[in-house]
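Colleague: Quick one, fold the following:
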Amino acid sequence: MTRSPSSARPRNPVPATPSVASRALAQLLMTGLRPLGERLPITRGPALRVVREAFDTVGLTPLPRGTTVAATDGQPGLMITGRDADRSAGVLLYLHGGGFAFGSRRTHRHFVAALSAATGRPALLADYRRPPEHPFPAAADDALAAYRWLLAAGHAPEEIVVMGDSAGGHLTAGLLADLTRRRLPMPAAAVLFSPFLDLACAEVDDRDAARRDPFVPPARAKECGRSYAGTHPTSHRRLDVLAAPKRRWPPVLIQVGDTECLLGDSERLAAGIRAAGGECELQVWPGQVHVFPAFYPVLPEGRAAIRYVGEYARGGRALPEAA
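Modeller: Residues are numbered from 1 along each chain as shown. A predicted model of the protein is given here:
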């Protein structure tokens, strides 16, 4: 059994200024991907198919050396075990991002393999039903089912760390809220990467006007929120995760870039957890783009962020350089 993630704190990894690689990536996204995203709705029609296929193709890059991938029995998804990861250390539940509509287990295999190696835990990369074919509450129900599957498989709740990026961050926060409402046991901790939490996108336009997001156009964030909510108002108690009860939440780590139009979501969640008496560590990384740890093959900040997550999940113990 590992120590609780709240029992110790590893060193602060956040640099004072962004690396040259980070600046280059932000510029590349600003001049290449963002203009395309501003013009092209992505959650319906032929564009959705193209985006899904493109994301899946990017996700098929070779996995880190020593990674094993296995199908799961009775739970949609993959069990990914990074180099030297051991079930006895616990397990990760990973809820992938991708605007709810176009991420998949294929898009996130590489990132989750790195997180498994860093934390020393196998990871369930859960599949969930996606809009527009399956709007809310399908994905939220599937996230809860994946957590229950891990419990039924013999994992104690205190051995589970739940993680999610972007839309998967919403599903992670929503899972914690569902566990609170249902009085089910909480995981040991949660880690959120650039979570997309406010589906009404109340702050994104002002944030983007003050500092242009290199990656995520506000219009596309709004589109993804509407697509997932479907016929439900974004004020629905399972959609408005920022207003959800947080009294029983486990320790939460949030990593987010200061270039993001979604930064306010992380700030508001951290404030809400602390106001409820909970523990939340909010790391705002200078010059970093949306879900920057997923770019770890090219970003030193991404590698540092993943190392920190590994130490956090291990209870503050030092660990060597990530692959």
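
Colleague: If you tally nearby residues, what's the number for the residue nearest to Ala276 when sequence neighbours are not counted?
Modeller: Nearest residue to Ala276 in three dimensions, chain neighbours excluded: Lys246, at 4.0 Å (Cβ to Cβ, 6 or more residues apart in numbering). For the C-beta atoms, the positions are set from N, CA and C on the backbone; glycine is no exception. Using other Cβ atoms under 10 Å, the number of residues around Lys246 comes to 22.

Colleague: what's the answer for Tyr128, then?
Modeller: Per other Cβ under 10 Å, the neighbour tally for Tyr128 reads 24.

Colleague: so what's it closest to, chain neighbours aside?
Modeller: Asp142 (3.7 Å).

Colleague: I'd like the mean pLDDT over the helix or strand containing that neighbour, please.
Modeller: Using DSSP states H and E, Asp142 sits within helix 138-152. Helix 138-152 shows a mean pLDDT of 98 in the predicted model.

Colleague: Provide a list of residues in contact with the residue nearest to Ala276.
Modeller: Leu176, Ala177, Thr180, Gly272, Ile273, Ala275, Ala276, Gly278 (Cβ atoms under 8 Å, 6 or more residues apart in numbering).

Colleague: and those residues as a markdown table, adding distance to Phe295 and pLDDT?
Modeller: Below are the contacts of Lys246 laid out as a markdown table (distance: Cβ to Cβ, whole Å; pLDDT from 0 to 100):
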| residue | distance to Phe295 | pLDDT |
| --- | --- | --- |
| Leu176 | 26 | 99 |
| Ala177 | 29 | 98 |
| Thr180 | 33 | 98 |
| Gly272 | 28 | 98 |
| Ile273 | 27 | 98 |
| Ala275 | 32 | 98 |
| Ala276 | 32 | 98 |
| Gly278 | 29 | 97 |
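
Colleague: Give me the subset of the residues you listed lying in helices.
Modeller: Judged by DSSP state H, the contacts of Lys246 include Leu176, Ala177, Thr180, Gly272, Ile273, Ala275 as members of helices.

Colleague: Tell me who's in contact with the last one.
Modeller: Contact analysis of Ala275 by Cβ under 8 Å, 6+ apart lists Lys246.

Colleague: and what of the third one?
Modeller: The neighbourhood of Thr180, defined by Cβ under 8 Å, 6+ apart, consists of Met186, Ala244, Pro245, Lys246, Arg247, Arg248, Trp249.

Colleague: Let's see if you can find the most crowded of the residues you listed.
Modeller: Neighbour max across the contacts of Thr180 (other Cβ under 10 Å) = Trp249, 24 neighbours.

Colleague: Next one: that residue relative to Ala190, how far apart?
Modeller: 8 Å (Cβ to Cβ, to the nearest Å).

Colleague: Could you do Tyr94 as well?
Modeller: Tyr94 sits 11 Å away from Ala190, taking Cβ to Cβ as the criterion.

Colleague: Can you work out which residues contact both of the two?
Modeller: Shared contacts of Tyr94 and Ala190, defined by Cβ under 8 Å, 6+ apart, comprise Val162, Met163.

Colleague: neighbouring contacts of the helix or strand harbouring Tyr228?
Modeller: Using DSSP H and E, Tyr228 falls within helix 218-229. The contact list for helix 218-229 (Cβ under 8 Å, 6+ apart) reads 37-38, 41-44, 99-101, 131-132, 135-136, 139, 167, 196, 198-201, 204-205, 208, 234, 236, 239, 261-262.

Colleague: swap the cut-off to 6 Å and go again
Modeller: Residues outside helix 218-229 that contact it (Cβ atoms under 6 Å, 6 or more residues apart in numbering): 37, 43, 99-101, 131-132, 136, 199, 201, 204-205, 208, 239, 261.

Colleague: Between those, which sits nearest Tyr296?
Modeller: Gly99 (20.9 Å; Cβ to Cβ).

Colleague: Could you measure from that closest one over to Arg23?
Modeller: From Gly99 to Arg23 the distance is 25 Å (Cβ to Cβ).

Colleague: Look at these two and report which has more neighbours.
Modeller: The residue with more neighbours, out of Gly99 and Arg23, is Gly99; 24 against 13, by other Cβ under 10 Å.

Colleague: Which pLDDT value goes with that one?
Modeller: On pLDDT, Gly99 comes in at 96.

Colleague: so what's the residue nearest the centre of the chain bridging to?
Modeller: Compute the mean C-alpha point of the chain, and by Cα atoms, centre = their mean the closest residue is Asp165, 1.6 Å away. Going by DSSP bridges, Asp165 is paired in beta bridges with Phe193.
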